[in-house]
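> Have a look at this prediction, sequence included:
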Amino acid sequence: MTAIIDYGAGNIQSVINALEELNVKFIVTNNAKEINESKKIIFPGVGEASSAMNNIRSHGLFEVIKNCKKPFLGICLGMQLLCDYSEEGNVECLGIIPAVSKKFNSAKVKVPHMGWNKVSFNKGSKLFEEIENGSSFYFANSFYVPGNKFSSALCNYDIDFSAAVQKENFYGVQFHPEKSGEAGIKLLKNFIEKC
């Protein structure tokens, strides 16, 4: 069973649609026991970081996520919340990836970063197996995680930034695989089957 964490900050329906397309058994939950009993965990996120962290704490999910040992996939805001800190609302996040989520420079580029963009990834990343390097994925983000030693993929929008991160069992993607066509569905399939 795969758990989709519902903490009031996700476009969960599009993730549900993608998992249904893949015939994956899943549960939508914010229950710690159900999350801990699941084999895989998906952590979607749309919205503002400080509100999302308040929701995580109010649902008693901070320690559940932080101590998770199962394959865990953060999507968009869900990836940014894996970091130490976000400039969005100046909030301490989950502290899993040692990085700070920063805002794009609106003097240089249009913010938010919206639409399709190419992603270059490291060979050996299970998420990107059998996906052509340089494939395009769908982004919708005003904030970004700078490239760091846990970056497994990069994208360029004025600067290179982390399109994906991985640390131990924690995976994160800045783009929306559930809205990224064939490549995105393949990435979700890889997460379910190979991670």
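The structure has been received and is ready for your questions. Everything numeric in this text was worked out from a predicted model, so none of it was measured.
> Let me see the ranges of the helices in this structure.
With DSSP state H as the criterion, the chain has helices at 12-21, 32-37, 49-58, 62-66, 77-80, 181-194.
> Of those helices, which stretch is the most buried?
helix 77-80 (a mean of 27; mean count of other CB atoms under 10 Å). All C-beta spots, glycine's among them, are computed from the backbone N, C-alpha and C.
> who does that one touch, helix- and strand-wise?
Secondary-structure packing of helix 77-80 (3 or more CB pairs under 8 Å, 6 or more residues apart in numbering; DSSP states H and E): helix 49-58, strand 159-167, strand 170-173.
> out of the helices of the chain, nearest to residue 154?
Within the helices of the chain, the stretch nearest residue 154 is helix 77-80; the backing value is 13.4 Å (CB to CB).
> Neighbours of the nearest residue in space to residue 136 that is not next to it in sequence, how many?
What sits nearest to residue 136 in space, not counting adjacent residues and going by CB to CB, 6 or more residues apart in numbering, is residue 116, at 4.4 Å. Residue 116: 14 surrounding residues under other CB atoms under 10 Å.
> does the spatially most central residue of the chain have beta-bridge partners, and which?
By CA atoms, centre = their mean, the chain has its centre lying nearest to residue 75, at 2.1 Å. Residues in a beta bridge with residue 75, per DSSP bridges, are residue 173.
> isn't it right up against residue 44?
Yes: using CB atoms under 8 Å, residue 75 is in contact with residue 44, at 4.6 Å.
> Residue 136 bridge partners, please.
Counting by DSSP bridges, residue 136 is bridged to residue 118.
> Report the contact partners of it.
Counting by CB atoms under 8 Å, 6 or more residues apart in numbering, residue 136 touches 116, 117, 118, 119, 180, 183.
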